[in-house]
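> With the input below, show me the fold.
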Amino acid sequence: APAIASSQDPVPNRNGWNNTDVTVAFSCSDERSGVEACPPPQLITTEGAGQVVPGVATDRAGNSASASHTLSIDKSAPAITASQEPPPNRNGWNQTGVTVSFTCSDAMSGVESCSPPREVTSEGPNQVVEGLTTDRAGNTAEARLTLSIDKTAPSLEIREPADGLWTNAPALDVKGQGVDATPVEVSVNGVPATVTGQDAFTFTAPGVPLGDQPQEELKAVAVDVADNVGVSAVTVQVDRVKPVIHVTLPQEGAYLPTRTPEIRVSYGDDRALDLASLRVAINGEDRTGLFAKGPAEAVGVLDAASALPTGRNTVEARIEDLARNADSHLVSFHLDVEPPSLAILQPASEAWIASNFVDLAVAYGDDQALDLESFEALLDGQPILLDQGPDRALGRAGPLGEGGHLLRVQIQDRAGNQTSREVRFSTDTIPPGI
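Numbers count the residues shown, from 1 in each chain. As a prediction, the model looks like this:
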């Protein structure tokens, strides 16, 4: 019988697999009659494991021999997928290190190798992690996973308002700045802020409401794309109750007999006064410098150089608390240093009156305001009632005894300046002898 042998091109790899088409060739020989027929080469393109290619050789004497060739072909790449743990957030970012794992499979020749898990700890956007797999036939496949890591929280600082600010406002605009490598969203007490800039950014939250507590916290929260959180907070002092201020001296409508009156201003607040805001105006002119300030009262010290004019004067005092609530108080008063005018019109001084009944007339006046109730008339040391008008008092006294009499009158103005007058007269009702 003839001899027959097979071979293939290309030869298989170390695992006995090819990843391309294979040509199977047969070689035939016969030492006696010679070869009559030998199978031609066959191109095998079909994928599969353990494929058998048969061949038959015949010599010229009709003897035959057969041979078979077994081969395995896998031209398809294996499958590889990448996954990460933990998974990214809704923005595609992680805030911790990430483990990237690869899953490999091959339905034909099987997996020869698959990239092991890889731990990624470096921060940065769009980091690419590659994995490779090879099947037993030498086919390869790659997988790429892109991830972004930011483990650093935003730095944040509220610049306005300042910590400890006093305010009476119902709401405040809150402004600040910060730094983060990724875009951030900022809110203050739940009010969204407008953010300008990236890396170094500024923010403004308009109209953040303030409650009624004495201290209100304003908390700014910045969240970056990886859900890292930065916080900055300040506390403001809320005071919506105005202070109380009162000009205690002089009193409203008072008349005073001096041009250097004592002026006293009292004040108070339920939280914190701003003593530096105290202003005292006298007759519309700021004269705060004349006042010595205490914690609850300021006293004005007037001298000849700062003496006030006679007549009507005003003092207006105003003060604020630290929250800029304000109160003011104005009083008007009169300064009168001139005594009232007073004259006894009847009887005339040293007059002799031939009657036991005497008509009395007194005139009075003042440059500002008389105290009519202070008018007093004494006849021979005893009070006598006269009919008073705005500028004079009239009356009739009697019956009087014979001889000398003394009429004394006095009156004050509303500032307490006093004037008195007296006259002596005599009554004589006895006719002379003749």
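> so who does the residue nearest the centre of the chain touch?
Of all residues in the chain, the one closest to the mean position by Cα atoms, centre = their mean is Val174, 4.1 Å from it. Val174 is in contact with 158, 160-161, 188, 191, 193, 204-205, 208, 218, 220, counting by Cβ atoms under 8 Å, 6 or more residues apart in numbering. Placement of C-beta: from N, CA and C, glycine included.
> Could you do Leu273 as well?
So Leu273 contacts 243, 267, 319-322 (Cβ under 8 Å, 6+ apart).
> which one of those residues is nearest Pro154?
Taking Cβ to Cβ as the measure, Leu322 is the one of the contacts of Leu273 closest to Pro154, at 32.5 Å.
> Now do the contacts for the closest one.
Shown in contact with Leu322 (Cβ under 8 Å, 6+ apart): 166, 237, 239, 271-274.
> can you check Glu123 too?
Here Glu123 is in contact with 149-152, 181 (Cβ under 8 Å, 6+ apart).
> swap in Asn356?
398-401, 427, 429.
> Quick check: bridge partners of the residue nearest to the centre of the chain?
Applying DSSP bridges to Val174 gives these bridge partners: Ala205.
> what's the pLDDT at it?
On pLDDT, Val174 comes in at 98.
> again, but for the one 3 residues further on
The confidence metric pLDDT takes the value 98 at Gln177.
> Would you agree it is in contact with Thr204?
No: Gln177 lies out of contact with Thr204 (Cβ atoms under 8 Å); the separation is 10.4 Å.
> Just the ones in strands from the contacts of Val174, please.
158, 160, 188, 191, 204-205, 208, 218, 220 (DSSP state E).
> Just the mean pLDDT for stretch 386-395, thanks.
Here stretch 386-395 scores 97 as its mean pLDDT.
> Take it, keep the C-alpha atoms, and write them as PDB.
Only the C-alpha atoms of stretch 386-395 are listed here, as PDB (Å, rounded to 0.1, in the frame of the first residue of the first chain):
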ATOM      1  CA  LEU A 386     -57.900 140.800  94.200                       C
ATOM      2  CA  ASP A 387     -59.700 140.000  90.900                       C
ATOM      3  CA  GLN A 388     -56.800 138.900  88.600                       C
ATOM      4  CA  GLY A 389     -56.600 139.400  84.900                       C
ATOM      5  CA  PRO A 390     -53.800 138.500  82.500                       C
ATOM      6  CA  ASP A 391     -52.000 141.800  83.100                       C
ATOM      7  CA  ARG A 392     -53.400 143.400  86.200                       C
ATOM      8  CA  ALA A 393     -55.300 142.700  89.500                       C
ATOM      9  CA  LEU A 394     -58.000 145.000  90.800                       C
ATOM     10  CA  GLY A 395     -59.900 145.200  94.100                       C
END
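> Can you list the neighbours in contact with that stretch?
Outside stretch 386-395, the residues that touch it by Cβ under 8 Å, 6+ apart are 345, 359-365, 372, 375, 377, 384-385, 409.
> In CSV: those, plus secondary structure.
Shown next, in CSV, are the contacts of stretch 386-395 (DSSP: H, G, I helix; E, B strand; the rest coil):
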residue, secondary structure
Leu345, strand
Asp359, strand
Leu360, strand
Ala361, strand
Val362, strand
Ala363, strand
Tyr364, strand
Gly365, strand
Leu372, strand
Phe375, strand
Ala377, strand
Ile384, coil
Leu385, coil
Val409, strand
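> Could you pick out the buried ones from the residues you listed?
360, 362, 364, 375, 377, 384, 409 (16 or more other Cβ atoms under 10 Å).
> closest to Gly50 among these?
Using Cβ to Cβ, these come closest to Gly50 at Phe375, 145.4 Å.
> How about the closest one, nearest residue that isn't a chain neighbour?
Ile411 (4.6 Å; Cβ to Cβ, 6 or more residues apart in numbering).
> since we're on the one you found, how many residues are nearby?
Counted with other Cβ atoms under 10 Å, residues neighbouring Ile411 total 27.
> Also Asp21?
Counted with other Cβ under 10 Å, residues neighbouring Asp21 total 14.
> one step back: farthest pair within the buried ones among the contacts of stretch 386-395?
Using Cβ to Cβ, the two most remote members of the buried ones among the contacts of stretch 386-395 are Tyr364 and Ile384, lying 15.7 Å apart.
> returning to what we had before: which of the contacts of Leu273 sit farthest apart?
Longest span within the contacts of Leu273, Cβ to Cβ: Tyr267 and Leu322, 13.4 Å.
> Just the buried ones out of the ones in strands among the contacts of Val174, please.
The buried subset of the ones in strands among the contacts of Val174 - by 16+ other Cβ under 10 Å - is 158, 188, 191, 205, 208, 218, 220.
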